[in-house]
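J.: Got a predicted structure plus its sequence, pasted below:
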Amino acid sequence: RKEVEQDPGPFNVPEGATVAFNCTYSNSASQSFFWYRQDCRKEPKLLMSVYSSGNEDGRFTAQLNRASQYISLLIRDSKLSDSATYLCVVNLPYNFNKFYFGSGTKLNVKP
Amino acid sequence: NAGVTQTPKFRILKIGQSMTLQCAQDMNHNYMYWYRQDPGMGLKLIYYSVGAGITDKGEVPNGYNVSRSTTEDFPLRLELAAPSQTSVYFCASRHTDTGELFFGEGSRLTVL
């Protein structure tokens, strides 16, 4: 079983739409969670960390559900520039130096 | 700040050749990583380092070697290249406090 699993999409949404992605993780003791954004043929860049109480950064909201072992990313008022692949990243507890990446969810925002 | 710098950006190798991918960071981060990303897949950890002189294997270390003689540099060596090593390779360093990973722009390697 993979450590981190994501729906690959693509999610095709119109500008202004609200879209949500989930990511499930297999190790219930996972410690740290992140969402990274990766543009086509570019390196991943941190979008936001995910805190236990949930957190918001502008149009982006991240949530953690430990009971069901998933994290979510909500994007409100989608922009064309939000089109990218969103990677879920988990840091495992027995080795804080290792990060495990999901395969990513592709988002296409259409005019 | 240059951040994380990788060279070369592109390379074509013949089967059996060897090469070194260079990675340097100027943020004084102790932790550094090498990942590979195959099309449509997530990043797989090849090797990582927690500081100069200390390295360890990740998920997919076979066919690769690393060294870490300084905090700044973390080169990845491919010995006896195989077509299965065709991939995009990313080097990253980690901010000690926030855990944020900073990536280089990637090195696209094709083995024919």
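T.: Sure, I can see it.
J.: Off-centre distance for stretch A:3-20?
T.: The chain centre lies 9 Å from the centre of stretch A:3-20; the measure is CA atoms, centre = their mean, to the nearest Å.
J.: Show the end-to-end separation of it, please.
T.: Using CA to CA, to the nearest Å, one end of stretch A:3-20 lies 21 Å from the other.
J.: for stretch A:33-51, same thing?
T.: End to end - CA to CA - stretch A:33-51 spans 7 Å.
J.: try stretch B:102-112
T.: Using CA to CA, the end-to-end distance of stretch B:102-112 comes to 30 Å.
J.: Which positions in that stretch come out as buried?
T.: B:102-107, B:109, B:111 (16 or more other CB atoms under 10 Å in any protein chain shown). To be clear about C-beta, it is placed using only N, CA and C from the backbone, and glycine gets the same treatment.
J.: Could you export the residues you listed as CSV, including distance to B:S84, pLDDT and secondary structure?
T.: Below are these laid out as CSV (distance: CB to CB, whole Å; pLDDT from 0 to 100; DSSP: H, G, I helix; E, B strand; the rest coil):
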residue, distance to B:S84, pLDDT, secondary structure
B:F102, 28, 95, strand
B:F103, 23, 97, strand
B:G104, 22, 97, coil
B:E105, 23, 97, coil
B:G106, 18, 97, coil
B:S107, 16, 97, strand
B:L109, 11, 97, strand
B:V111, 8, 96, strand
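J.: out of the residues you listed, who's nearest chain A?
T.: B:F103 (3.8 Å; CB to the nearest CB).
J.: hmm, back to that, what's the closest of the buried residues of stretch B:102-112 to A:I75?
T.: Checking those against A:I75 by CB to CB gives B:F103 as the nearest, at 21.8 Å.
J.: what about the residue nearest to that closest one when sequence neighbours are not counted, is that helix, strand or coil?
T.: In space, and not counting its chain neighbours, B:F103 is closest to A:E43: 3.8 Å by CB to CB, 6 or more residues apart in numbering or on different chains. Following DSSP: H, G, I helix; E, B strand; the rest coil, we place A:E43 in the coil state.
J.: what sits against A:E43?
T.: If you count contacts by CB atoms under 8 Å, 6 or more residues apart in numbering or on different chains, A:E43 has them with B:90, B:103-106.
J.: buried set for stretch B:81-92?
T.: B:81, B:85-92.
J.: Adding pLDDT and secondary structure, write these out as TSV.
T.: Compiled in TSV, these are given as follows (pLDDT from 0 to 100; DSSP: H, G, I helix; E, B strand; the rest coil):
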residue	pLDDT	secondary structure
B:A81	95	coil
B:Q85	96	helix
B:T86	96	coil
B:S87	97	strand
B:V88	97	strand
B:Y89	98	strand
B:F90	98	strand
B:C91	98	strand
B:A92	97	strand
